[in-house]
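Participant: Can you look at this prediction? I've put the sequence above it.
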Amino acid sequence: MDSNKSRREFLQAGLALPAVGIAASGGLNNFLQESPKVVYRTLGNTGLKVTGVGYGIGFNPVPEAVARAIDLGINYYDTSRDYGESEAIFAKVIKGKRDKIVIATKSPSRKKEDILNDLDTSLKALETDHVDIWHLHARDVPTSIPDEAIEAMRECKKSGKARFIGFSCHDPNRMADFAIENKFDVVQTTYSFPIGGFYRNKAVEKLHAAGIGVIAMKVVVGLTGLNLKSFDNPSASARSASEFSDKTVAENGPLAGIKWVLNNPAIGTTVPHMKTIPEVETNFRAMSEPFAPADEKLLYVMNEQIRPDYCRMCYTCSGACPKGMPVTDVLRFLAYNDFAGNFHQARTNFRDLAKEIRDIRCSDCSSCAVECPNGVHVQARLVRAQSILA
Ligand code: SF4
Ligand code: SF4
C-alpha cells in the first residue's frame, strides 16, 4: 500500500465527520432522549429480523443484564464455545424464551469432526435443539477455514441444527470474497468509529450486496472511557482533562459509537458486550435515536484521547516488524484489558500465540520499525502488553 496515500486517507477519515459535528453542535446537553424503542433490521438473505442493538454475551455474562435486554426486546445474542461457561449461563436466562431470540454461537475448531462435535456441545450447553447462526470463530485469513471446515458447516446447516452459517473475522477485506465464494450466510466483523469503520466499508458493502448479513462487533471497545484512568500511563493522565464528564463519556460514548455504526444500512446488527442493566438500557436507545451532532463531537474528542493507546485495527502495519510481531493482534488483546476491562480474555488470547512471538521483547529494540498512521504509540503499547500478558 502507498503509505503516504494511506496516511492521507486516515487523516481525512478521522477529521471529516467531526468538523460537521463541532460546527453544528449545540452543546453537550442535546444527546437525544426520545422514547426508545425496538427497531428491527434484516440480516442479509437469511431474512432474520434482528434488533439493531444485539448483545455480545462474552466471558462471564451478567444474568440480570441479559434478562433486562430480553425484557426490552433485544433479540440478537452472540456467544461462543470459547467463552468459558457463557453458553450455560446464558441458557439459564433464556429458559422459556427461546422462541423470542436469535442465538449465534461459534466453534474454535478447524477439523470437520471437531466442528460437528462443538455444535452438539453448544446445543447441550444452550439447552436448545438448534442455533440460529453457527460461526467459525476468529478466521482472519482464508487458510483458517480449510475445505473440511466448510464441509462440516454445510452439514450442520443441512441437519437443521444450525439455521445459518458464518464466521467472525477482524479484517473483512481479506475475507469478503472467501465468504461470497463459499456461500456463507453471515459474517461478523470488527466495525467502529471512525477508522475501523471506514477501513472496512468496501468489504462490508460487498458482503451486503451479495446478500450476506453483516454483524458488527467491537463497536464500543475503545469508547467506554475505561482506559483514561484505569492504567498508569503518563500520556493518559495528561489527557484526562476533558470537557466531557466521566459520566457523559461512560454513558454516551458507547451509545454514540453504536449509533454511528447503525448509520450504515449495510450493518445488520451490533453485538456490544454489556455488564450492567443501565448499560443495556442506555445502549438500547441507539436503535431509535438518530446520530446527532453531540454524538459526533463526543466521538471525535474521545477518538483524540485514545489515539496513542487504541489500535484501530486497520492492518496497515501488517508485516512491518522485522521480527514478525503481529502488531494488530497483540494490540487488540491489550485493548481487551485496558479498554474492556477483561484481563482473562487478554491473557488467554496472548498465551495462544506461538512461543516465538510470545518471546519477542519490544523493549530490546532501540526504535520500532512500525509506524502507525493513526498515531498509536506502537512500541510502548507492545512493551506494556508483554509486561502484563506474557
Ligand atoms: S497500530 Fe497498525 S493496525 Fe493499529 S491502527 Fe496503527 S497501523 Fe493500524
Ligand atoms: S519494537 Fe521491535 S519487535 Fe516490537 S514491533 Fe517494533 S520492530 Fe517489532
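Facilitator: Perfect, I can see it now. Ligands and ions are numbered 1, 2, ... in the order given.
Participant: where does the stretch 101-250 of the chain dip in pLDDT?
Facilitator: For the stretch 101-250 of the chain, the stretches flagged by pLDDT under 70 are 225-243, 246.
Participant: Please repeat the previous calculation with a cut-off of 90.
Facilitator: Within the stretch 101-250 of the chain, the set of residues satisfying pLDDT under 90 comprises 193-197, 220-250.
Participant: mind listing what the lengthiest strand in the chain pairs with, with the direction of each?
Facilitator: Ordering each strand of the chain by length in residues (DSSP state E) puts strand 162-169 first. Partner strands for strand 162-169, per DSSP bridges, with pairing direction: strand 131-136 (parallel), strand 186-190 (parallel).
Participant: is it fair to say Ile360 lies in a strand?
Facilitator: No - with DSSP: H, G, I helix; E, B strand; the rest coil as the criterion, Ile360 is located in coil rather than a strand.
Participant: Can you give the domain ranges for the protein?
Facilitator: With automatic domain parsing serving as the domain definition, the record reports that the chain contains domains spanning 12-306, 311-389.
Participant: Switch these over to a markdown table; also include mean neighbour count.
Facilitator: Where C-beta positions appear, they are placed from N, C-alpha and C, glycine not excepted. What follows is the domains of the chain, written out as a markdown table (neighbours: other C-beta atoms under 10 Å):
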| stretch | mean neighbour count |
| --- | --- |
| domain 12-306 | 19 |
| domain 311-389 | 18 |
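Participant: rewinding a little: for the longest strand of the chain, which outside residues touch it?
Facilitator: Taking C-beta atoms under 8 Å, 6 or more residues apart in numbering as the criterion, the residues outside strand 162-169 that touch it are 46, 48, 104, 106, 119, 130-140, 145, 153-154, 156-157, 175, 179, 184-189, 212-213, 215, 217.
Participant: Generate a markdown table for the domains of the chain, with distance to ligand 1 as supplementary columns.
Facilitator: Converted to a markdown table, these look like this (distance: least, C-beta to the nearest ligand atom, whole Å):
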| stretch | distance to ligand 1 |
| --- | --- |
| domain 12-306 | 7 |
| domain 311-389 | 3 |
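Participant: Quick one: name the residues of the protein near ligand 2.
Facilitator: Residues of the chain lying close to ligand 2 (C-beta under 6 Å from any ligand atom) are Cys321, Lys323, Met325, Val327, Ile360, Cys362, Cys365, Cys368, Ala369, Val370, Gln379, Leu382.
Participant: my read: the first one touches Val370, true?
Facilitator: Same thing as Cys321. Yes - here Cys321 reaches Val370: they are 5.6 Å apart, a contact under C-beta atoms under 8 Å.
Participant: overlap in contacts of those two?
Facilitator: Val327.
Participant: could you pull out the helices for the stretch 151-300 of the chain?
Facilitator: According to DSSP state H, counting those that start in this stretch, the stretch 151-300 of the chain carries its helices in the segments 172-181, 195-198, 201-209, 227-230, 234-238, 246-262, 277-284, 293-306.
Participant: In JSON lines, list these along with distance to Val93.
Facilitator: Shown next, in JSON lines, are the helices of the stretch 151-300 of the chain (distance: least, C-beta to C-beta, whole Å):
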{"stretch": "helix 172-181", "distance to Val93": "30"}
{"stretch": "helix 195-198", "distance to Val93": "30"}
{"stretch": "helix 201-209", "distance to Val93": "31"}
{"stretch": "helix 227-230", "distance to Val93": "28"}
{"stretch": "helix 234-238", "distance to Val93": "35"}
{"stretch": "helix 246-262", "distance to Val93": "21"}
{"stretch": "helix 277-284", "distance to Val93": "12"}
{"stretch": "helix 293-306", "distance to Val93": "30"}
